[in-house]
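Engineer: make a model of this:
(one chain, ligands or ions: 1)
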Amino acid sequence: MTHFAVIGRGLIGSAAARHLAIAGHQVTLIGPPEPADKVNHAGVFGSHYDEGRITRALDPDLYWSNVSAASIARYKDIEAQTGVSFFTECGAMIAGPQNSEYIQSVKRIQKDQGIVCDRFFGSVLVEAFPYFKFPDDFQALYEPKAAGYISPRNLVQAQTVAATNAGAKLVDAIALGLSETKPGIIITTDKDEINADQVLVAAGGFTNMILPQPLPLIAYARTIAYFELNEDEAMRLSDMPSLVLSFADGRAPYILPPILYPNGKTYIKIGGDQVDEMLETVDDIKAWFKSGGSAEVGKYLRSMLLDVIPNLRYETMHTEACMTTFTADERPIISRQSDRITVAVAGCGRGAKCSDELGRRAAEQATAFDTV
Ligand SMILES: Cc1cc2nc3c(=O)[nH]c(=O)nc-3n(C[C@H](O)[C@H](O)[C@H](O)COP(=O)(O)OP(=O)(O)OC[C@H]3O[C@@H](n4cnc5c(N)ncnc54)[C@H](O)[C@@H]3O)c2cc1C
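Structural biologist: Below is the predicted model:
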């Protein structure tokens, strides 16, 4: 039986481990859990330490629409098989200037892929979503079903439960390097060495710290702003969909509806940095995650949120830091790098909702070793 080591217990790695384990392979899933104390944490970080990631099949790009739709179609089965719920089907909306290339592309994909969606414009849009304020030329495409948001934390948990139920072994360790030998691959970690036949590296923005040959990855710093709502305000916005906006001036925020967090508080959150700040080294990435995000970006996000929901009443605001990993062509790298090494990396800011399909494709690549 082939032994697969999967490095990275994040969204893509845990999905790949599930697909490999249910296909009957021996699987070791290597990676640390979310740190309890980010500021004093010396290890690596992940981009899934949150309760809200927008999920939708609507997209201006066919690749991302397809991988998302394929994943969404499996959410309910994964929830049922693991008893871990992660999907809230509150609907998702994309809005922007009616004649923009962006909205035209979304409409094309919606039509071609037969995505069930309502289109709103003008006074009908205002009546349907009275708490939003959009420019007059905005058209909204609203996907009411099989869309909304997922808890990325719970999705990782569900994938991990499913993988271990199918026989995968979990190892809480940080991988430091790989050496390929004739009989197999040796994974050096901060704990014991691990031997396997094949390795799949899915360590997000930390992937290049492990690979013998670095990949052309670009990691960006991201700030997210959270606004705590009281019960009345959360109730007023309780039917709000997840929202992705594209303004004519280039601003492109995304907004999650009110979500109850593990600390018992309900937050509405917004992201969409005005500039892409690159994180060049592993030390830069670690320092960024510990920083709690940028106060300047926080101000910018607050002002955009109040443009979109002008009557928002919130109690407190705070920011947090996260990271997105990109490639130049805005596609993930899911491919074999050698006889024994496969990678699955670069969610390009969109990799949560579709992580199950990215993990499935990664498992497919990793098991294609007898063809290389
Ligand atoms: C602010 C923000 C908002 C986003 N919003 C959305 C959204 O609304 N919708 C959407 O679809 N996507 C969204 N994304 C993108 C999505 O979260 C990412 O694409 C996704 O997390 C990528 O999954 P991954 O498995 O590659 O990385 P991660 O989820 O980061 O997992 C990588 C894992 O590797 C582990 N690791 C790192 N180094 C090592 C090592 N050396 N050894 C072992 N393990 C290691 C980490 O601990 C981590 O668990 C957002 C991202 C950010 C930052």
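Engineer: close to the ligand, is stretch 285-293?
Structural biologist: No - using Cβ under 6 Å from any ligand atom, stretch 285-293 stays clear of the ligand, coming no nearer than 9.3 Å. Heads up, the C-betas are built off the backbone N, CA and C, glycines and all.
Engineer: same thing with stretch 15-27?
Structural biologist: No - figure legend: stretch 15-27 not in contact with the ligand (Cβ under 6 Å from any ligand atom); closest approach 7.9 Å.
Engineer: any buried residues in that stretch, and which?
Structural biologist: Within stretch 15-27, the residues that count as buried by 16 or more other Cβ atoms under 10 Å are 15, 16, 17, 18, 19, 20, 21, 22, 25, 26, 27.
Engineer: dump that stretch to PDB, restricted to CA.
Structural biologist: Taking Å, rounded to 0.1, in the frame of the first residue of the first chain, the C-alpha atoms of stretch 15-27 are listed here in PDB:
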ATOM      1  CA  ALA A  15      -9.300  17.900   1.900                       C
ATOM      2  CA  ALA A  16      -6.600  16.000   0.000                       C
ATOM      3  CA  ALA A  17      -6.000  13.800   3.100                       C
ATOM      4  CA  ARG A  18      -9.700  12.900   3.100                       C
ATOM      5  CA  HIS A  19      -9.700  12.100  -0.600                       C
ATOM      6  CA  LEU A  20      -6.600   9.900  -0.300                       C
ATOM      7  CA  ALA A  21      -7.800   8.100   2.800                       C
ATOM      8  CA  ILE A  22     -11.200   7.300   1.500                       C
ATOM      9  CA  ALA A  23      -9.600   6.000  -1.700                       C
ATOM     10  CA  GLY A  24      -7.900   3.400   0.600                       C
ATOM     11  CA  HIS A  25      -4.400   4.800   0.800                       C
ATOM     12  CA  GLN A  26      -2.200   5.000   3.900                       C
ATOM     13  CA  VAL A  27      -2.100   8.700   4.900                       C
END
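Engineer: gap between the residue lying closest to residue 85 once chain neighbours are set aside and residue 171?
Structural biologist: In space, and not counting its chain neighbours, residue 85 is closest to residue 79: 5.1 Å by Cβ to Cβ, 6 or more residues apart in numbering. Residue 79 sits 26 Å away from residue 171, going by Cβ to Cβ, to the nearest Å.
Engineer: can you give me the helices for this protein?
Structural biologist: Counting by DSSP state H, the chain has these helices, from start to end: 11-22, 62-82, 101-113, 122-128, 152-165, 231-236, 282-291, 295-308, 355-366.
Engineer: who's in contact with the residue nearest to residue 116 when sequence neighbours are not counted?
Structural biologist: The shortest distance from residue 116 to any non-neighbouring residue, by Cβ to Cβ, 6+ apart, is to residue 145 (6.0 Å). Listed by Cβ atoms under 8 Å, 6 or more residues apart in numbering, the contact set of residue 145 reads 89, 91, 116.
Engineer: what subset of the residues you listed is buried?
Structural biologist: For the contacts of residue 145, buried by 16+ other Cβ under 10 Å: residue 91.
Engineer: of the contacts of residue 145, closest to the ligand?
Structural biologist: The closest of the contacts of residue 145 to the ligand turns out to be residue 91 (Cβ to the nearest ligand atom; 14.1 Å).
Engineer: so who does the closest one touch?
Structural biologist: 142, 143, 144, 145, 147, 148, 241, 242.
Engineer: what about 7 Å?
Structural biologist: Residue 91 makes contact with 142, 143, 144, 147, 148, 241, according to Cβ atoms under 7 Å, 6 or more residues apart in numbering.
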